[in-house]
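**Q** Prediction below, plus the sequence it came from.
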Amino acid sequence: MTLKDLSIGESGIIKEVGGEGELRQHFLDMGVIPGTVATVIRFAPLGDPVELRIRGYELTLRLADADKILIDKCDDKAETEERVKSKRKEHPGLGEEGKYHSKADENPLPDEEILTFALVGNQNSGKTTLFNQLTGSNQHVGNFPGVTVDRKDGPIRNRYNTMVTDLPGIYSMSPYSSEELVSRDFVLNEKPKAIINIVDATNIERNLYLTMQLLELNIPMVVALNMMDEMTANSGSVDINEMEYLLGVPVVPISAARNEGVDELVRHAIHVAHYQERPARQDFCDEKDYGGAVHRCLHAVMHLIEDHAKSADIPIRFAANKLIEGDKLILDKLNLDENEQETLEHIVLQMEKERGLDRSAAIADMRFEFIGKLCRAAVNKPKVSKEHLRSQKIDRFLSGKYTAIPMFIIIMGAVFFLTFNVIGAFLQGLLEKLIAWLQDLTVGALESLNVSSTLQGLIKDGIFEGVGGVLSFMPIIVTLFFFLSILEDSGYIARVAFVMDKLLRRIGLSGRSIVPMLIGFGCTVPAVMSTRTLPSERDRKMTILLTPFMSCSAKVPIYAFFVAAFFPGKGWLVMTGLYLLGIVMAILVALGFKRTIFKGEAVPFVMELPNYRLPGIKNVLQLMWEKATDFIHRAFTVIMLATIVVWFLKSFDTGFNFVNDSSESILAILAGAIAPLMAPVGLGDWRICTSLISGFMAKESVVSMLEMLFAAEGGVKAVLTPAMAASLLIFSLLYTPCVAAVTSIGRELGRKWAAFTIIWQCALAWIVSFITYSILG
Ligand code: GDP
Ligand code: MG
């Protein structure tokens with residue numbers, strides 16, 4: 001039988017892990033290996049995915065993936081762990097202020113050398129919290145070269161010549177996701193002076209799996225044992241001396257959220273980096289384990305590749321482990337000759353035969369075997385934690401069978417209500433007042449200085465109206481991110497992904513994409529920005545390209561105006577229809593993408609469900625600050641440039657003379673040129689085209705522009721037919737997102753995709769409008 005066949009509450013002992021390649025490796029790295037007991041906790045409200053308890057933590061899997069894992073049913077749920085009584089050991093004194101390390105071969109780095117640290121750890125282990133504690137607000141946010149994975153650097157507070165880099169949260173050093181590759185390449189190629197490995201003490205088994213791979217890299221390291229507050233509050237404990245002794249690196253118990261132990265951590269980190277104290281131990285394979293097959297295989301491979309690893313500058317033990325696991329990237333780098341490759345294969349085959357497990361599983365098993373020993377010797381796990389019980393209670397409600405989706409709608413509704421009607425709207429009002437006040441002040445000053453009216457026009461109508469208009473959206477974006485980061489840090493978003501996965505999978509996405517899409521109903525800019533947390537590049541691209549189909553709040557004025565003017569009494573019908581059309585188009589487009597440019601399946605849904613935790617206010621503020629500065633930066637660069645260009649086109653004629661009648665402007669001429677193209681969809685009037693072009697700056701300006709241009713003829717209502725109005729509505733819904741959204745897309749996916757979005761959405765809008773107009777007109 002397979003894992004899929006278990007019902008709630010039943011347990012099975014894993015016999016064989018099917019599947020192949022990276023996904024399988026990912027299973028193994030998450031602790032799903034033969035011999036492990038897995039218990040089914042529940043199924044998502046829609047029946048898929050399933051939540052399992054394994055190695056003391058909660059994991060979600062799709063049923064299709066669970067079906068690949070063979071098990072034997074077993075009754076007893078938890079293996080009763082015999083705690084090994086350890087004899088009191090002297091403190092090994094690793095990383096201790098120079099007190100214990102041997103002076104004879106100490107080799108300190110010169111004082112002026114910058115001590116660079118890589119902060120590495122699992123997701124939800126408290127990395128962001130620790131990073132914020134270490135650096136304070138002095139952070140630099142950027143990207144890793146070539147990939148859109150957030151990179152943050154910052155010096156440690158009050159420590160001269162230090163620099164910490166926050167790496168993406170990862171579970172292993174296998175190249176499973178682009179994030180794991182980024183972390184691995186960073187550590188291997190950029191050679192930080194030391195690693196700070198953050199380990200969640202309440203989930204120690206799975207967290208230590210990464211630790212063991214990091215130790216193989218032979219880079220000075222300290223382990224920050226985080227969440228000790230939770231651990232001790234539930235009467236768990238860790239024998240730190242024993243753990244240091246077994247791991248061979250300093251272990252510092254901390255609570256990042258309460259800023260406890262962080263100073264000590266910094267002292268140890270600086271010490272190991274300065275004196276380049278490397279891990280005292282890397283050899284974790286035991287010759288007594290299962291006849292020692294893995295041990296012998298590993299050492300044989302290490303000897304075989306020693307010279308290659310040295311010349312390729314890859315740590316030997318790491319390289320050997322990766323080779324046995326079958327890592328292509330490392331194999332290519334090592335440049336083994338044919339003979340050596342064959343020998344390698346033979347060694348590995350022999351091991352597989354003796355051990356009775358395949359190569360990857362054998363290595364994963366060796367690591368977990370060691371971790372098991374370590375935990376028995378040094379860790380006193382709490383029986384049940386308060387946090388876990390609390391999480392279960394909350395989950396019964398927030399992701400329960402019947403309550404999950406209603407609760408999700410209520411929560412998102414509340415977020416939108418608070419953002420668009422209360423907090424964000426209030427702040428937006430304030431900011432608009434401020435901008436208006438500044439504008440008056442500036443215009444007054446310009447007038448009294450007798451500056452030319454053209455320049456005045458540029459500043460007033462171009463910059464203040466354009467950039468000011470876009471800027472006034474900032475409070476909304478920041479408020480949305482405030483709520484989002486609370487939802488994310490508390491662990492709720494992971495549940496949303498769990499609940500929604502089945503639905504989104506049908507259109508080739510995974511559960512996590514639901515959040516950006518929903519935010520798209522508010523504003524495309526934060527929606528696009530929030531896709532950063534999606535684990536796979538393919539899902540991220542697809543999600544970003546779909547968000548503009550959600551009717552953002554700036555389109556509402558257009559809808560409202562036309563509905564009132566042309567479809568009185570049927571307002572709600574048309575409005576709902578437009579929203580639905582957007583969603584239907586997104587679904588159709590997604591299905592199309594799935595078959596064409598984004599072939600393949602959504603990322604497998606192997607995800608951890610962390611306990612619900614109270615989000616740290618510092619983390620939330622930090623994120624808001626980042627998003628705000630990012631947006632301001634864009635408002636004053638790309639968006640400002642675009643507004644100036646549009647203002648220029650609107651205000652000058654082809655002889656570069658300032659025009660008062662907008663029908664003579666370059667924009668009118670341009671609009672006139674594209675008008676014939678728009679004639680088949682009923683929008684061939686140059687004034688409509690002008691409005692649509694200015695809608696590219698900000699969607700809400702479409703209506704005011706139309707009113708202004710059609711004023712002489714008694715307004716739009718007098719000129720347009722209902723069929724034209726319908727066509728215009730649909731065109732506005734689907735055509736290119738505004739410049740702020742396009743620059744966000746450009747930032748996430750690059751210029752090509754931004755250009756693609758503009759063109760392809762205009763084309764799509766044209767087609768759908770054409771169909772509508774042909775039917776109605
Ligand atoms: P990351 O995913 O590794 O960046 O983890 P975060 O820093 O976002 O932390 C995840 C959650 O754990 C947040 O809600 C934090 O407030 C919480 N957290 C972080 N450190 C601690 C800690 O030491 N104790 C407790 N109780 N909670 C913590
Ligand atoms: Mg984080």
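**A** Done, it's in. Ligands and ions are numbered 1, 2, ... in the order given.

**Q** any idea which element the residue in the stretch 401-550 of the chain positioned nearest to ligand 1 lies in?
**A** Proximity to ligand 1, evaluated over the stretch 401-550 of the chain using Cβ to the nearest ligand atom, is greatest for Asp489 at 4.0 Å. The way it works is simple: take the backbone N, C-alpha and C, and place the C-beta from them, glycine included. Secondary-structure element containing Asp489, defined by DSSP states H and E: helix 474-490.

**Q** Leu225 looks like it's in a helix, true?
**A** No: when classified by DSSP: H, G, I helix; E, B strand; the rest coil, Leu225 is found to be strand rather than part of a helix.

**Q** hmm, back to that, which residues does the residue of the stretch 401-550 of the chain closest to ligand 1 contact?
**A** With contact set as Cβ atoms under 8 Å, 6 or more residues apart in numbering, Asp489 has these partners: Thr128, Arg613, Pro615, Gly616, Asn619, Val620.

**Q** next structured bit after the helix holding Asp489?
**A** Stepping forward along the backbone from helix 474-490, the first helix or strand reached (DSSP H and E) is helix 492-505.

**Q** is that following helix up against ligand 1 anywhere?
**A** No: legend: contact between helix 492-505 and ligand 1 by Cβ under 6 Å from any ligand atom is lacking; minimum distance shown is 10.4 Å.

**Q** quick one: buried residues of that helix?
**A** For helix 492-505, burial by neighbour count (16 or more other Cβ atoms under 10 Å) applies to 492-502, 504-505.

**Q** For the following helix or strand past it, which helices and strands make contact with it?
**A** Using DSSP H and E, the helix or strand that follows helix 492-505 in sequence is helix 514-519. With contacts defined as 3 or more Cβ pairs under 8 Å, 6 or more residues apart in numbering; DSSP states H and E, the secondary structure elements packing on helix 514-519 are helix 474-490, helix 492-505, helix 524-529, helix 537-546.

**Q** Tell me the gap between the first one and the middle of its chain.
**A** From the chain centre to the centre of helix 474-490 is a distance of 14 Å (Cα atoms, centre = their mean, to the nearest Å).

**Q** about what we covered before: any chance of the contacts of Asp489 in a markdown table, plus pLDDT?
**A** Conversion of the contacts of Asp489 to a markdown table gives the following (pLDDT from 0 to 100):
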| residue | pLDDT |
| --- | --- |
| Thr128 | 90 |
| Arg613 | 91 |
| Pro615 | 91 |
| Gly616 | 88 |
| Asn619 | 89 |
| Val620 | 92 |
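
**Q** Same list, these, but only the ones touching ligand 1.
**A** Checked against ligand 1 using Cβ under 6 Å from any ligand atom, the contacts of Asp489 yield the following neighbours: Thr128, Arg613, Pro615, Gly616, Asn619.

**Q** Ramachandran coordinates for the last one?
**A** This means Asn619. Comment: the main-chain dihedrals of Asn619 come out as phi -60, psi -40, following degrees, to the nearest 10.

**Q** isn't it right up against Asn132?
**A** Yes: in this structure, Asn619 sits in contact with Asn132. The criterion is Cβ atoms under 8 Å, and the distance is 6.0 Å.

**Q** quick revisit: any chance of the helices and strands packed on helix 514-519 in JSON lines, plus distance to Cys762 and mean pLDDT?
**A** Shown next, in JSON lines, are the helices and strands packed on helix 514-519 (distance: least, Cβ to Cβ, whole Å; pLDDT from 0 to 100):
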{"stretch": "helix 474-490", "distance to Cys762": "25", "mean pLDDT": "87"}
{"stretch": "helix 492-505", "distance to Cys762": "27", "mean pLDDT": "90"}
{"stretch": "helix 524-529", "distance to Cys762": "16", "mean pLDDT": "90"}
{"stretch": "helix 537-546", "distance to Cys762": "14", "mean pLDDT": "91"}
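
**Q** circling back to that earlier point, kindly indicate which of the ones next to ligand 1 among the contacts of Asp489 lies nearest Gln213.
**A** Minimum separation from Gln213 among those (Cβ to Cβ) is found for Thr128, which lies at 21.6 Å.

**Q** Mind giving me the packing neighbours of the helix or strand that contains the closest one?
**A** With elements taken from DSSP H and E, the one containing Thr128 is helix 127-135. Identification of packing neighbours for helix 127-135 by 3+ Cβ pairs under 8 Å, 6+ apart yields strand 115-121, strand 150-154, strand 162-166, strand 194-200, helix 262-274, helix 617-634.

**Q** roughly how far apart are the residue nearest to Phe521 when sequence neighbours are not counted and Phe420?
**A** When the adjacent residues along the chain are set aside, Phe521 lies closest to Met550, with 4.7 Å between them (Cβ to Cβ, 6 or more residues apart in numbering). When distances are taken as Cβ to Cβ, to the nearest Å, Met550 and Phe420 turn out to be 14 Å apart.

**Q** and those two? which has more neighbours close in?
**A** More neighbours sit around Met550 than around the other of Met550 and Phe420, counting by other Cβ atoms under 10 Å; the figures are 23 against 19.

**Q** Report the contact partners of the more buried one.
**A** Under the criterion of Cβ under 8 Å, 6+ apart, the contact list for Met550 reads Met517, Leu518, Gly520, Phe521, Thr524, Ala527, Gly582, Ile583, Ala586.

**Q** Buried ones among those residues?
**A** Neighbour counting with 16+ other Cβ under 10 Å marks Met517, Leu518, Gly520, Phe521, Thr524, Ala527, Gly582, Ala586 as buried within those.

**Q** pLDDT on the strand or helix carrying Val294, on average?
**A** Secondary-structure element containing Val294, defined by DSSP H and E: helix 293-312. Within the predicted structure, the mean pLDDT of helix 293-312 is 94.

**Q** ok, residues contacting the very next helix or strand once past it?
**A** Later in the chain than helix 293-312, the nearest helix or strand by DSSP H and E is helix 316-325. Residues from elsewhere that reach helix 316-325 (Cβ under 8 Å, 6+ apart): 25, 173-174, 213, 216-218, 282-283, 297-298, 301-302, 305-306, 308-310, 312, 330-331, 334, 344, 348, 351, 359-360, 362-363.

**Q** PyMOL command to pick out the buried ones of these?
**A** Here is the PyMOL command that selects only those of the contacts of helix 316-325 that count as buried (16+ other Cβ under 10 Å):
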select buried, resi 25+173+174+213+216+217+282+297+298+301+302+305+308+309+330+331+334+344+348+351+359+360+362+363
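
**Q** List, out of the contacts of helix 316-325, those positioned next to ligand 1.
**A** Residues shared between the contacts of helix 316-325 and the neighbourhood of ligand 1: none [Cβ under 6 Å from any ligand atom].

**Q** Need phi/psi at the most centrally placed residue in the chain.
**A** The centroid of the chain falls nearest to Thr533 when counting by Cα atoms, centre = their mean (1.2 Å). Phi and psi for Thr533, reported as degrees, to the nearest 10, are phi -80, psi 0.

**Q** so it makes contact with Ser485?
**A** No: with the criterion set as Cβ under 8 Å, Thr533 and Ser485 do not qualify as a contacting pair; they are 10.2 Å apart.

**Q** What score does Gly18 have for pLDDT?
**A** Predicted confidence (pLDDT) for Gly18: 87.

**Q** residue contacts, it?
**A** By Cβ under 8 Å, 6+ apart, the residues touching Gly18 are Arg24, Lys68, Ile69, Leu70.
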